[in-house]
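A.B. asks: 3D model of this:
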Amino acid sequence: MANGYEIRHMLLIQARDMLFEGWHEEVKRLQHNAGLTQTPIGEYPPQPSVAEISKLAEQLYEFVQRK
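C.D. replies: Numbers count the residues shown, from 1 in each chain. Down below sits the predicted model:
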């Protein structure tokens, strides 16, 4: 059984993966649309920040803590 530190670490990794997966999907969508319209992409969306990852990890941890 995982201890509290291991659970928080796993949730931090999961939060990072979730946010970066969404970011990658958005980038792929922009690239696809740019290819269809033959226009430059312009600016890419900002990558998820440490603060965003931490916030999501905290939300996930709160969910796990509920009884």
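
A.B. asks: name the single longest helix found in this structure.
C.D. replies: Using DSSP state H, we find that the single longest helix of the chain is helix 4-37.

A.B. asks: that one: what's the following helix or strand?
C.D. replies: helix 50-65 (DSSP states H and E).

A.B. asks: okay, which residue is most central for the protein?
C.D. replies: Central residue of the chain (C-alpha atoms, centre = their mean): Leu19, 0.6 Å from the mean position.

A.B. asks: please report how far Pro46 lies from Met18.
C.D. replies: Counting by C-beta to C-beta, to the nearest Å, the separation of Pro46 from Met18 is 16 Å. C-beta: built from backbone N, CA, C; applies to glycine.

A.B. asks: repeat for Glu62
C.D. replies: Distance, Glu62 to Met18, by C-beta to C-beta: 15 Å.

A.B. asks: and those two? Which one has more around it.
C.D. replies: Met18 (15 against 10; other C-beta atoms under 10 Å).

A.B. asks: so the more buried one makes contact with Leu56?
C.D. replies: Yes. Met18 is within contact range of Leu56, at 6.7 Å (criterion: C-beta atoms under 8 Å).
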